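> any chance you can model this:
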Amino acid sequence: MNHRHRKVLAALFARPASANIHTKDVEAVLVELGAELDHTSHGRLQIALGGRSMSMPHLGHTLSPEAVRELRKFLEAGGISAPADA
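Here you go, the predicted structure:
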């Protein structure tokens, strides 16, 4: 995982939840982690990672704090944590 991906992953795990994480950056990190992404016709992003799946709105250029918290919970449940060297 490159430095930029580690920074985005660290931002996802930061508290309080950030409101300026770009959706494309998050998608790149998820793909790097081995996730399969599917953009549905209803404006949602379907994420499958490690036998788990979730769906979240894909409404703009950045994630809302609520979406960041939801994604953080999904990643934690899948055994992914913040990088130590971000």
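> contact partners for Leu49?
Leu30, Leu33, Gly34, Ala35, Glu36, Phe74, Leu75, Gly78 (C-beta atoms under 8 Å, 6 or more residues apart in numbering). All C-beta atoms are positioned from the backbone trio N, CA, C, and that covers glycine.
> which secondary structure element contains the most centrally placed residue in the chain?
In the chain, the C-alpha nearest the mean C-alpha coordinate belongs to Val26, at 4.6 Å (C-alpha atoms, centre = their mean). Assigned by DSSP states H and E, Val26 belongs to helix 23-32.
> report all helices and strands that that helix contacts.
helix 3-13, strand 36-39, strand 44-49 (3 or more C-beta pairs under 8 Å, 6 or more residues apart in numbering; DSSP states H and E).
> now these in CSV, with distance to Gly60 and mean pLDDT?
Output for the helices and strands packed on helix 23-32, formatted as CSV (distance: least, C-beta to C-beta, whole Å; pLDDT from 0 to 100):
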stretch, distance to Gly60, mean pLDDT
helix 3-13, 16, 93
strand 36-39, 14, 93
strand 44-49, 12, 92
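> still on that earlier bit, next one: the residue nearest to the centre of the chain from Arg52, what distance?
Counting by C-beta to C-beta, to the nearest Å, the gap between Val26 and Arg52 amounts to 16 Å.
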